[in-house]
Structure formats: C-alpha cells, structure tokens
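Asks: take a look and give me a structure for this.
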Amino acid sequence: MNEESLNLLADWIVQRGLAGDSEIDLLQGFCDRCVEAGLDLSRSVAIVDTLHPVYEGRAFFWRRDQLLETPFVEYGPSNQGEGLEEWKKSPFYHLLQSGENEMRRRLCDGETEGFSVFSELQQEGQTDYLAMVHRFSRDSVIGELDCILSRWTTARAGGFSEEDIAALRRLVPVLCLAIKSTSLARIAQSLVEAYLGRDAGQRVLQGRISRGIVERINAVIWFSDMQGYTALSERIDSDQLIPLLDDYAEIVITAVQGAGGDVLKLMADGILAIFTADDPANACVCALQAEADLRLRLEALNRRRSAENQPVTGICLGLHIGDVFYGNIGSKDRLDFTVVGQAVNEASRIETMCRSAGRGTLFSSAFRDTLPDAERAKLVSVGRYALRGVGKAQELFTLDPEIAG
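Replies: As a prediction, this is how the structure comes out:
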C-alpha cells in the first residue's frame, strides 16, 4: 500500500466517522478498501466494551470470503463464570494483563503455541495473525470502554509483509478513533433511554435541555406501585428487597413499553409512565392493552416466586388522561425530564384509592369516556370517591370482573 493509498484510506475513515457510520460499516468499509489497495486481509474482528445495563460490549466481524449473517454480537459479563474462563483463553486477555499492545503470530511458520485460536486459524488457511490493543487515557474512560481490541489475519502465502504491518499500525488507530466516536454516541443514547425513558431520552439528545422549557401535551397518565411494599420492606432481608423490586418493575416496564408507552420515573416501588397518540382514544387503548399484559405477567411472576419460596405481592394501578406539562424541571445544575400538572396528581390519587375500592386497577371517568365504545363497555363503575387535593368527588371505574377473569 503506497503513501497515496494510506492517505486516502485515512481520509475515508475520518469522513465516515464524522458522518456517524455504525461500527460494522466502518470495519467492513475499511477492510474492503484495504483489500482494494493491496493489503491482503482475509478476516478481522473489532471489540468494544461499553456502558450498558445488560451488555458488557460488542464485537464486530468481517470476512473476505463470505457475507456474515451476524456481523456483530453483544456479549454479557466476562468477569465471572464461563464467560471469565473463555476470556482467559483469549490472546486479548494476555495483552491486557501484560500491558503489551500487539501480538503477532506467523501461522505459516508454525507459530501456534499458547492459544488454541492460532491452531484453529491455521487449519482454516490463515497464514498470519496480528492482535492490537489501543488504550484510552484514564480520564477518557467511560464504564468498561477503556480500549478497543482488534484482530487481523491474512491467508496470503508467506503472511503479512512488513509494509502491511506498517499500514495497519498507521491506519487502525484512526479506525479505532472513529469506532470510539460511534460507540460513545451509542452509550449516550442507551444511558438517557435507560434513566429517562425512550421519548424523553430522545428529546434530551436532540438538545431540549434548557430549564423551564416544557410543552403542553395530552397524555394518558399511568401511576402504579406495589401492594404492601412498606410492610414487605420491613420484614424481608435486604438481599431479597432489591430482587423483589427488580422483578415487579420488570413486568410493569415491559408491559408499558410493549404497548408503546414511555416510562418516565421509578420511585422505589412506584412507576410513572405516559401514553400519547394523535388520537387520545388510541392512547387509552394502548394503556388498556398494557394493563392486560401486566396482569398476565403478574400472574406468571407470582407463580414463579411462590415456587421459589420468595415473597409475592400485587400491583395497584391508576389510569387517567388529561393535559400535562412535559419537559425539563429543576435547577440549573440538576434537571428532571418529566410530566407535571393536575392530571398527574389525579392519577396518583386514583392509584391510592385501589385499596379502598378493593381493586387492582382504577380508571378515571375521563379515561373511560375517551375509550372507543367497544372498550368502554368493558369498564364498570365502583362509585364516587373524594380524591385528596381534588375539588370534587370523582366516579371511578374498573374492569368488569367477568371480562377481567
């Protein structure tokens, strides 16, 4: 690869990195262009750790001889169990532990000792192997994203030339910088969605971060919490409390998001969510679908926890619809993206009436009146109730027991 080709390829990486190409597009485009320029790559892998509630990182793959059905995978923790044992067998683990930056093995010369992957690659026709670690400074580390690992092989007779190795040493750091940029954007998106909710997170990433900037929207307000949480938290051990909260939050959040809602806030055992749509009736139908899904998940969860001799409980839910203010509220140093307004207060008050009414779910009259006729017929009145902080008593509704059954 001559100097002009090196410069053109480096320019291409910078342009695509600035354009925000995905990691796999960057890797595949880079490898294809290397081959066109005379660097005889046959396979490559790039590995990037991340900051994510579930995944430790992502690995991206390219092969010259075939189009991969799965060009990337997301992997879980590698610091325990089978994941740790497999990780210890990797040349990358050795590089990270030793502090070295490269490992080269001339497979065509029989350099296959130390790691089983070398023999496997040799048997598959690979002739040379180069692993690289590009570390970040301590101040730029986010979560587990402290370096980018890459592996490059060729099936060329005699392996890589010294010019090939020099080209990789020059270009791969530029590629890693572009991959890091994309990965950081992905981390930002996953974090804001995990902590703020999908819609609120997207709005924050779009720049809606000024204090006091809110918009008036019409939304279904979902307010739920666990039955008897205070008593439960006082009688069970701390190592049982967090799994208890996680289990019940999981079924609520899954039901809400599965029906198109957005979870805005987790308050110990309480969850605040909203459903929006161009047609308010559609938002109410989605919330009703989420409620039905939640009850099925709750039944299955309680069966499982009972079989495991773990404490079980129920979910109380209040659903209301009305105008709310949606946006940033707080101080200049600490903001919360949420909904506020009388409709939110009423939804909270309706949820607290579940115990008095002896029902798991209560709907406001406004919610019932907004439903299409077919869905409205599924609700029955449980009477009028005085809601704390609300001017007059309201008629509340629940699912017809026969339909609910």
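Asks: where does residue 339 land in three-state SS?
Replies: Here residue 339 is recorded as strand under DSSP: H, G, I helix; E, B strand; the rest coil.
Asks: spit out the contact partners of it.
Replies: 217, 219, 221, 264, 272, 274, 324-326 (Cβ atoms under 8 Å, 6 or more residues apart in numbering). Where you see a C-beta, it was placed from the backbone N, CA and C, and this is true even at glycine.
Asks: how far away is residue 84 from residue 93?
Replies: Counting by Cβ to Cβ, to the nearest Å, the separation of residue 84 from residue 93 is 9 Å.
Asks: now render the contacts of residue 339 as a markdown table, adding secondary structure, distance to residue 135 and neighbour count.
Replies: Listed next are the contacts of residue 339 as a markdown table, based on DSSP: H, G, I helix; E, B strand; the rest coil; distance: Cβ to Cβ, whole Å; neighbours: other Cβ atoms under 10 Å:
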| residue | secondary structure | distance to residue 135 | neighbour count |
| --- | --- | --- | --- |
| 217 | strand | 46 | 14 |
| 219 | strand | 46 | 26 |
| 221 | strand | 48 | 28 |
| 264 | strand | 38 | 22 |
| 272 | strand | 42 | 21 |
| 274 | strand | 43 | 28 |
| 324 | strand | 47 | 24 |
| 325 | strand | 46 | 15 |
| 326 | strand | 42 | 24 |
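Asks: out of the residues you listed, who's nearest residue 334?
Replies: Residue 334 lies nearest to residue 264 out of those, by Cβ to Cβ, at 16.3 Å.
Asks: I figured the closest one hits residue 270, correct?
Replies: No. Using Cβ atoms under 8 Å as the test, residue 264 is too far from residue 270 to be in contact (11.3 Å).
Asks: can you add pLDDT and distance to residue 197 and give the contacts of residue 339 back as CSV?
Replies: Listed next are the contacts of residue 339 as CSV, based on pLDDT from 0 to 100; distance: Cβ to Cβ, whole Å:
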residue, pLDDT, distance to residue 197
217, 94, 14
219, 96, 12
221, 97, 14
264, 93, 5
272, 96, 10
274, 96, 9
324, 94, 14
325, 93, 16
326, 91, 11
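Asks: give me the phi and psi for residue 382.
Replies: Taking degrees, to the nearest 10, you get phi -110, psi 10 for the backbone angles of residue 382.
Asks: residues contacting it?
Replies: Residues counted as contacts of residue 382 (Cβ under 8 Å, 6+ apart) are 357, 359, 362, 396-398.
Asks: where do the strands sit along this protein?
Replies: Remark: strands assigned in the chain by DSSP state E are 43-49, 57-63, 72-75, 102-105, 128-135, 147-154, 214-226, 262-267, 270-275, 315-330, 335-340, 361-364, 379-385, 394-399.
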